[in-house]
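Peer 1: generate coordinates for the sequence data below:
(chains A and B)
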Amino acid sequence: MKQEEEKWVSALRNSLAEYKEPPAADGWENLMKEISPAPVVPPKRSYFIYAAAAAIILLLLIPATFFLLNESSGGVKKYNQSAQKTETIQSPVTKQAEEKIAPALKANRIKENMLAINSMVKSTGAETKRGVMIETKNLAAITENVSEADKAAVSSETEKPIVIEEKKEQIDKQHKSTEQQKRVQKGNSATKRRSEQSAERDLFSRKRIEGDLAIALYTGNGSGSSNQTSYMPMSTVTALYGDALLMAYYRNSQPVEWKHKQPVSFGLSVRKKITEHLALESGATYTRLESEGKRTGSSLRYNQTLHYVGIPLRLNYLILDKRFVSLYLSGGGMVEKSVSGKMDTETVISGNLINKTTEDVNVKPLQWSVGGAMGVQFNANKHFGLFAEPGLMYYFSDGSKVETIRKESPLNFNLQMGLRMTY
Amino acid sequence: MSEIEMTERCRAGDNIARKELYEQYAGQMLGICYRYAGDRDTAQDLLHDGFVKAFSSFDKFSYRGEGSLRAWLSRLMVNISLDHLRKNDINRQIITFEQLPENIEEPEEEDISLVPKQVLMKLISELPDGYRTVFNLAVMEELSHKEIGEKLGINERTSSSQLFRAKKLLAKKINEYIRDNNL
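Peer 2: Here you go, the predicted structure:
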């Protein structure tokens, strides 16, 4: 029921709509006195974010360039082996395998000759191409059939595995080494216990002012998976299939292409300050290495999983220690031991899983590595902080023939991140 | 600084943004406060209080496009002004009726442009508190009588009659001014 507004009233409103009165000169000043000072957090926050972002970028740039260089030089390496060359392949051998191998020593020579003939057929090209192809096809057909029935017919003559003469020696060695391994394992865990105990003693005997001891829980990721081609450990194939012809096929066919998955690791570390800037860090780490392997033309798929336990030892140098951010350099090494491992082998034909076997993989030697990293830690308060340590690790060859990502690319960029509690 | 940026930064308590907000809007807001308060000194105080309140309640404001910041500030200033007037008990003043001459000729639309804006503002400020308040809310803030009634705690009819009287009085003043100044 609002009556239409008078024109002059509308005109009045329009005239005064944007009207401005000049405020007093000290208006803003007076206002400033009264309004609460700007909260401390936002300006600091932006500094914090920029500093953190800059630090991360810098930290990632340095190892990233290393990583990129490493990537380009790596790549797929193909190993091809002629039948004549005998490769001493290390170890994954189970008791089961030993049983198969031992009685077949007799058949050794015969099988080797067979192989020699086959390889000659291929390499000399004495036959026509078609002939060679037929030969290969027959071989393939035979091997296919055999693989299905292999488990049942272990004892029969024709399926005795080909074993290189040195193999027996290796088996003996293996026996000793497994025992030794156990001893080493015990020793390692004992050492670990001792080192932990001594660390604890240090804590109590030399109690210091707060802030010099830190415990960290972290997870680490190595660089991405790589493709590596190498021979399937002879002994493994022997153990699984015990078939001469199959063996022959393997030797003359494509090598195994390994796809190593990104290692996953978790750890606990204890860090102790020794000087104003230096701190010593140790702890325990668990790492899982997983790899998938296959050969083109073969229906076998391999899945290798290795579990490593390691003890790192590092020296940290503190570069920057501010309220919210800390920067430090870290360098040191680690010794790891594979505590368990397995190799799954699946036979997949036309998408169907025909057979699956599992065997233990024992990596006897220790895995040594050295590396350095840069650490950036964001402190929530005096006691808790989240940290990231991008860095490089170099893994020395452990002398075993087990293929892992560390064999393929020994120089690895990795990133460890975790929570650190400082007391 | 854009309106959005100013809003965000004021919300965060950035004093640079706050200062810019003040510099951009203080003039207009003072005008609003003056219209309600009736005198410049009170208006200045109300302006100050208004901005203090604005800075501390930015979290309640959400930017909704161009002009929304100004609208929010304006509403805030009006409310501060009304609170002040309420404390001075305008309700009693509203009930007081002035004796008005019956025949008042209303100004022409064009006449308004003859009168300087400061004068118009001054003429409005000279209205009695009750009339002035209702006039401001109805004409300048364009509230309905229902809304005015809710805001001031009076009923619609009162608001309506107050406006009627306010307009009559203002019309008389404007005509007088034009006559006196030979416009």
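
Peer 1: for the spatially most central residue of chain B, which three-state class applies?
Peer 2: For chain B, the residue sitting closest to the mean C-alpha position, by Cα atoms, centre = their mean, is B:Ile32 at 4.0 Å. Assigned with DSSP: H, G, I helix; E, B strand; the rest coil, B:Ile32 falls in the helix class.

Peer 1: next up, the contacts around the nearest residue to it once chain neighbours are set aside.
Peer 2: Using Cβ to Cβ, 6 or more residues apart in numbering or on different chains and skipping the chain neighbours, the partner closest in space to B:Ile32 is B:Met77 (4.7 Å). Yep, even glycine has a C-beta here, placed from its N, CA and C like the rest. Going by Cβ atoms under 8 Å, 6 or more residues apart in numbering or on different chains, B:Met77 touches B:29, B:32-33, B:46-47, B:50.

Peer 1: the residue nearest to the centre of chain B against B:Ser81, yeah?
Peer 2: Yes - between B:Ile32 and B:Ser81 there is a contact under Cβ atoms under 8 Å: 7.1 Å.

Peer 1: which SS state does the residue in chain B positioned nearest to chain A fall under?
Peer 2: In chain B, the residue that lies nearest chain A is B:Gly27 (3.2 Å; Cβ to the nearest Cβ). Of the three states, B:Gly27 takes helix according to three-state DSSP.

Peer 1: and the pLDDT at it?
Peer 2: pLDDT recorded at B:Gly27 is 95.

Peer 1: state the distance from it to B:Leu76.
Peer 2: For B:Gly27, the distance to B:Leu76 under the criterion Cβ to Cβ, to the nearest Å works out to 16 Å.

Peer 1: next, the buried residues of the host helix or strand of A:Pro390.
Peer 2: Assigned by DSSP states H and E, A:Pro390 belongs to strand A:384-395. For strand A:384-395, a neighbour-count test (16 or more other Cβ atoms under 10 Å in any protein chain shown) marks A:385, A:387-393, A:395 as buried.

Peer 1: what do you get for stretch A:302-318?
Peer 2: For stretch A:302-318, burial by neighbour count (16+ other Cβ under 10 Å) applies to A:302-312, A:314, A:316, A:318.

Peer 1: and what of stretch A:277-287?
Peer 2: Buried, per 16+ other Cβ under 10 Å, within stretch A:277-287: A:279-287.

Peer 1: hmm, who's touching that stretch?
Peer 2: By Cβ under 8 Å, 6+ apart, stretch A:277-287 touches A:192, A:195, A:199, A:212, A:214, A:216, A:220, A:263-274, A:307-319, A:330, A:332, A:334, A:336.

Peer 1: for the host helix or strand of B:Ala71, give the mean pLDDT please.
Peer 2: Using DSSP H and E, B:Ala71 sits within helix B:68-87. For helix B:68-87, mean pLDDT rounds to 92.

Peer 1: convert that helix to PDB, retaining C-alpha atoms only.
Peer 2: Extracted in PDB, the C-alpha atoms of helix B:68-87 (Å, rounded to 0.1, in the frame of the first residue of the first chain):
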ATOM      1  CA  SER B  68      27.900  -5.200  -1.600                       C
ATOM      2  CA  LEU B  69      30.700  -3.900   0.600                       C
ATOM      3  CA  ARG B  70      29.300  -0.400   0.500                       C
ATOM      4  CA  ALA B  71      25.800  -1.700   1.200                       C
ATOM      5  CA  TRP B  72      27.000  -3.600   4.200                       C
ATOM      6  CA  LEU B  73      28.900  -0.700   5.600                       C
ATOM      7  CA  SER B  74      25.900   1.600   5.100                       C
ATOM      8  CA  ARG B  75      23.600  -0.700   6.900                       C
ATOM      9  CA  LEU B  76      26.100  -1.000   9.700                       C
ATOM     10  CA  MET B  77      26.300   2.800  10.000                       C
ATOM     11  CA  VAL B  78      22.500   3.200  10.000                       C
ATOM     12  CA  ASN B  79      22.300   0.700  12.800                       C
ATOM     13  CA  ILE B  80      24.900   2.300  14.900                       C
ATOM     14  CA  SER B  81      23.100   5.600  14.400                       C
ATOM     15  CA  LEU B  82      19.800   4.200  15.300                       C
ATOM     16  CA  ASP B  83      21.200   2.600  18.400                       C
ATOM     17  CA  HIS B  84      22.500   6.000  19.400                       C
ATOM     18  CA  LEU B  85      19.100   7.600  18.700                       C
ATOM     19  CA  ARG B  86      17.400   4.900  20.700                       C
ATOM     20  CA  LYS B  87      19.500   5.700  23.600                       C
END
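
Peer 1: B:Phe51 versus the residue nearest to B:Ile32, what's the distance?
Peer 2: The gap separating B:Met77 from B:Phe51 is 9 Å, by Cβ to Cβ.
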